[in-house]
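S.K.: Next comes the sequence, and after it the predicted model I'd like to discuss.
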Amino acid sequence: MLKNVYLDAQDYYADVAFDVGGKTIYAHQVMLAARSKLFHKMFLEKAAQQGSLGKESEGEKESYKEKEKEKEKEKEKEKETEKEKEWAADEIDFAALEAGFDEGDGIEEESHSSHVDMLHFTEEELKRNTLGHQKERKKKQAQKKSEESVKKDFGVEAFAKFLEYCYSDRLDSKNNQIFLEIKHLAKKHSMQRLVAICKRDRVNLPASNLHADLGLFVNNPDFSDIVLAPSPPSHSSLSLSLSLSLSLSLSLSLISSYCRRSLWRANLCMLTK
Amino acid sequence: MAGQPVHAHKVIICARAEYFSALFHSGMREASQKLITIREEIEHNVYVALMSYLYTDKVLPFPTIHSD
């Protein structure tokens, strides 16, 4: 059911659009945020940047500020690690990785959407993760060819399938390259079940957690686009009085029309006689 | 619906319940409104339980519902 929603997302209250490799893919923030904390964080940060957090509480705003501070600290750390990276430039081919991202998966913000500059965030996340892995390997191995062979990029089809999984908890593909790209995305988004599916690890496959993830958004104002509110007493009394006056006027008009008809019939009878 | 408002997401409740799908696709003013007024006198926690079912596909134990 939700998979169909994804397929028809453009006509189904889509509030986020990804422009991947020239193709626009529509989706829903709540669905992606429910499945991935990374998406959740990205959407909230973008909403905070756009100043569209009027509905949210002061406490949440403060938490964003704290997150921003943490982010600044992380950036400082990254700068330090970049210096280290320069030392090991011969071993780590980051330029190739960045070039790959710039060419292939430029996920940009649509004019009508409230989505984040996803490329920027995913690239940072990727750098952070890969840097950690590579530092460990650097201690163990001097050769980094195996690392270069790992595909860091993802294409339109892989991203579309990844989003489809977010809606359905299913992955239908026979293409090994797609599996590799989705596995990379799944790792980045900490989606263990999807990683297991990509590895075809049926033994350690966790149970479906789609509805459990969605459960976190029950009566949650985050990304909410509708509020079901009780009718205020004044409004109900007004509507009651309106409906009463409407029914009274209708009945009066019916009675008057009946009287007119009967009078008209009586006159007609008189004329015929 | 007595009490507090309930926050929801159109994409989920429309996908899961025909009632809401019809409500928002009917071309009525509710389709474009963010605030939907529910006139039925339904308890807030009952509505939250309904939403919980729509989101999780599970009926959770609900001790605070009045039997009547």
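M.R.: Arrived safely, thanks for sending.
S.K.: got the contact list for the spatially closest residue to A:L32 that is not a sequence neighbour?
M.R.: Leaving aside its sequence neighbours, A:L32 sits nearest to A:F39 (Cβ to Cβ, 6 or more residues apart in numbering or on different chains; 4.1 Å). Backbone N, C-alpha and C define where each C-beta goes, glycine included. Counting by Cβ atoms under 8 Å, 6 or more residues apart in numbering or on different chains, A:F39 touches A:Q29, A:L32, A:A33, A:H189.
S.K.: residue contacts, the last one?
M.R.: For A:H189, the contacting residues are A:R35, A:S36, A:K37, A:L38, A:F39, by Cβ under 8 Å, 6+ apart.
S.K.: Pipe these into JSON lines and attach secondary structure and pLDDT per row.
M.R.: Shown next, in JSON lines, are these (DSSP: H, G, I helix; E, B strand; the rest coil; pLDDT from 0 to 100):
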{"residue": "A:R35", "secondary structure": "helix", "pLDDT": "91"}
{"residue": "A:S36", "secondary structure": "coil", "pLDDT": "90"}
{"residue": "A:K37", "secondary structure": "helix", "pLDDT": "89"}
{"residue": "A:L38", "secondary structure": "helix", "pLDDT": "87"}
{"residue": "A:F39", "secondary structure": "helix", "pLDDT": "88"}
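S.K.: Derive a ChimeraX selection command for the buried subset of those.
M.R.: Only the buried entries of the contacts of A:H189 go into this ChimeraX selection, using 16 or more other Cβ atoms under 10 Å in any protein chain shown:
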select /A:35,36,38,39
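S.K.: Just give me the closest of the contacts of A:H189 to A:K174.
M.R.: A:R35 (23.1 Å; Cβ to Cβ).
S.K.: can you tell me which residues contact the closest one?
M.R.: By Cβ under 8 Å, 6+ apart, the neighbours of A:R35 are A:C166, A:H189, A:M191, A:L210, A:D213.
S.K.: okay, the residues you listed in TSV with pLDDT and secondary structure next?
M.R.: TSV is the format used below for those (pLDDT from 0 to 100; DSSP: H, G, I helix; E, B strand; the rest coil):
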residue	pLDDT	secondary structure
A:C166	91	helix
A:H189	89	coil
A:M191	89	coil
A:L210	88	helix
A:D213	90	helix
